[in-house]
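S.K.: sequence unknown, structure follows:
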């Protein structure tokens, strides 16, 4: 799956494009709309916290860093001769897992408060009243979906592709 970002000038155009994407067999759960607060989205699929914020990247970074620091702390504890005899290797693994969970939780709490870095480039257009349609497209259908979007919005240049869809879309 590839995540594509398209700017749509108004809500009516977004509704028509949404219908066309449904007819093209893109499931609604793979479409997300971000708009200014005063723009009524009605039946359009609103973007959730994972699309609007840096929650997922922060979770990934925090879990990785926490796990690495926990593994280093676990190795340091086990390197003490008296602790090694008492705790053993399981303690090192447990400390690494605790570090991973702690890092993931703390980083994701920060990530929820930070706007999505991929969406940030569209901030001015959204503020001007345009809608951002985020679509998760199967890799082999990116060209087809781009053509569909251009058919309905000729000024759209094909959107921006995210390198990969997040773990929790």
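M.R.: That came through, no problem. Everything quoted here is computed from the prediction, not taken from an experiment.
S.K.: can you list the domains in the chain?
M.R.: The record, using automatic domain parsing to delimit domains, assigns the chain the ranges 2-51+116-162, 55-112.
S.K.: Output these as TSV; include the columns mean neighbour count and mean pLDDT.
M.R.: Backbone N, C-alpha and C define where each C-beta goes, glycine included. Formatted as TSV, the entries for the domains of the chain read as follows, by neighbours: other C-beta atoms under 10 Å; pLDDT from 0 to 100:
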stretch	mean neighbour count	mean pLDDT
domain 2-51+116-162	16	85
domain 55-112	16	87
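S.K.: How are the helices of the protein distributed by residue range?
M.R.: For the chain, helices defined by DSSP state H occupy the ranges 11-23, 49-52, 55-78, 81-112, 117-120, 123-127, 142-152.
S.K.: Compile those into CSV and extend it with columns for distance to residue 41.
M.R.: Below are these laid out as CSV (distance: least, C-beta to C-beta, whole Å):
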stretch, distance to residue 41
helix 11-23, 7
helix 49-52, 13
helix 55-78, 21
helix 81-112, 21
helix 117-120, 16
helix 123-127, 12
helix 142-152, 18
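S.K.: Which of the ones you listed sits closest to residue 1?
M.R.: Closest approach to residue 1 among the helices of the chain (C-beta to C-beta): helix 142-152, 9.8 Å.
S.K.: May I have the beta-bridge partners of the residue nearest to residue 125 when sequence neighbours are not counted?
M.R.: Beyond its immediate neighbours in the sequence, the residue positioned closest to residue 125 (C-beta to C-beta, 6 or more residues apart in numbering) is residue 7, lying 5.3 Å away. According to DSSP bridges, the partner residues bridging residue 7 are residue 132.
S.K.: From residue 99, how far out is residue 7?
M.R.: Using C-beta to C-beta, to the nearest Å, one gets 41 Å for the distance from residue 7 to residue 99.
S.K.: Can you tell me what sits against stretch 108-124?
M.R.: Contacts of stretch 108-124 with the rest of the structure, by C-beta atoms under 8 Å, 6 or more residues apart in numbering, involve 3, 5, 7, 34, 49, 51-59, 62, 130, 132, 134, 160, 162.
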